[in-house]
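Undergrad: model this:
(2 chains)
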Amino acid sequence: MFCTDRIIMHKLPYTFIRQKACWYTFTSTGKGIIEKAVNFTPTIYENLFNMGFGDLRPDGTIDDMVDSNNGDIVKVMATVIQILKAFTDEHSHIKVIFKGSTEDRTMLYKRVLKTYYPEFSKSFTITCLVSDGLKFNEKEFDPRMEEEHFAFLVQKNN
Amino acid sequence: MALAKRNKKKRNSKLKALPDIVLVTKTIVPAKETEKLKQVNEMLKKTTFLPLK
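TA: Sure thing, here's the model as predicted:
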């Protein structure tokens, strides 16, 4: 997975469908066929939305804990990035926060951001949340930073 | 007939008792908060954000 970081940048994403204003789905066709979903939900702060991502359950909710291991993580990540771009293109005033449901996933998102940083930083402001033990502080994302990140925030530049 | 008249009078007097201006308050029902969203919101409550540009 680590040696494929460069491949992410050039991997064609899956075709996705915008089901509702804040809800997107796509089909992962690796070893099996898995419906995936990305949604954006408002947080307690105005214009700050949380991005959720995972497998689409039959009841319409997202399972972000399952490790589907469908063999196409690179393409899936490329698709999630395209969805994030599409959402923020339409809602440039909205800041999006995302964090992994597990530490491993947060690490994966960090690696993806590091890889995409040269391209992303041209049109997006990327920040992250770090902790001092009791509270969290928002900092500008530095791809060279080795500090533990708890969440990432992305907003389209004006 | 007299009964109908009396009932009509009662209805009209009730209508007159209503205020001219009726305040309508809109209750916004928040979206169902998932466990994950709860965690994110809890984290955000403890967060110091960078100043807006």
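
Undergrad: Residue B:4 is in what secondary structure piece?
TA: helix B:2-17 (DSSP states H and E).

Undergrad: meant to ask about residue A:18
TA: strand A:16-20.

Undergrad: And residue A:71, by the same measure?
TA: Using DSSP H and E, no helix or strand contains residue A:71.

Undergrad: Skip the chain neighbours and tell me the closest residue to it.
TA: Distances taken as C-beta to C-beta, 6 or more residues apart in numbering or on different chains put residue A:30 closest to residue A:71, at 3.9 Å, once the chain neighbours are dropped. Placement of C-beta: from N, CA and C, glycine included.

Undergrad: Pull up the gap between the one you found and residue A:81, please.
TA: 18 Å (C-beta to C-beta, to the nearest Å).

Undergrad: Whichever strand or helix holds residue A:75 vs strand A:16-20, what angle?
TA: In this assignment (DSSP H and E), residue A:75 forms part of helix A:73-90. Using axes from the mean of the first three to the mean of the last three C-alpha atoms, to 10 degrees, one finds that helix A:73-90 and strand A:16-20 are set 50 degrees apart in direction.

Undergrad: hmm, helix A:73-90 touching chain B?
TA: No: against chain B, helix A:73-90 shows no contacts by C-beta under 8 Å from any C-beta of the partner chain, the least distance being 15.6 Å.

Undergrad: picking up where we left off before, so which of residue A:30 and residue A:81 has more stuff around it?
TA: residue A:81 (20 against 14; other C-beta atoms under 10 Å in any protein chain shown).

Undergrad: thought that one was touching residue A:16?
TA: No: counting by C-beta atoms under 8 Å, residue A:81 does not reach residue A:16; the two are 10.9 Å apart.

Undergrad: And the pLDDT for the residue of chain B found nearest chain A?
TA: Closest approach between chain B and chain A, counting by C-beta to the nearest C-beta: residue B:47, at 4.2 Å. pLDDT, residue B:47: 96.

Undergrad: ok, for it, nearest residue in space, not its chain neighbours?
TA: Excluding the flanking residues, the one nearest residue B:47 by C-beta to C-beta, 6+ apart is residue A:136, at 4.2 Å.

Undergrad: these two touch, right, residue A:43 and residue A:97?
TA: Yes: Residue A:43 lies in contact with residue A:97 (C-beta under 8 Å); the separation is 6.9 Å.

Undergrad: neighbour count winner among those two?
TA: Per other C-beta under 10 Å, whichever of residue A:43 and residue A:97 has more neighbours is residue A:97, with 24 against 19.

Undergrad: picking up where we left off before, what packs against the helix or strand just after the strand holding residue A:18?
TA: Using DSSP H and E, the helix or strand that directly follows strand A:16-20 along the chain is strand A:23-29. Contacts defined by 3 or more C-beta pairs under 8 Å, 6 or more residues apart in numbering or on different chains; DSSP states H and E place strand A:23-29 against strand A:16-20, strand A:33-42, helix A:73-90.

Undergrad: neighbouring contacts of the worst-scoring helix or strand of chain B on mean pLDDT?
TA: Averaged element by element with mean pLDDT, DSSP states H and E, chain B has its least confident helix or strand at helix B:2-17 (a mean of 73). Taking contacts as C-beta atoms under 8 Å, 6 or more residues apart in numbering or on different chains, no residue outside helix B:2-17 touches it.
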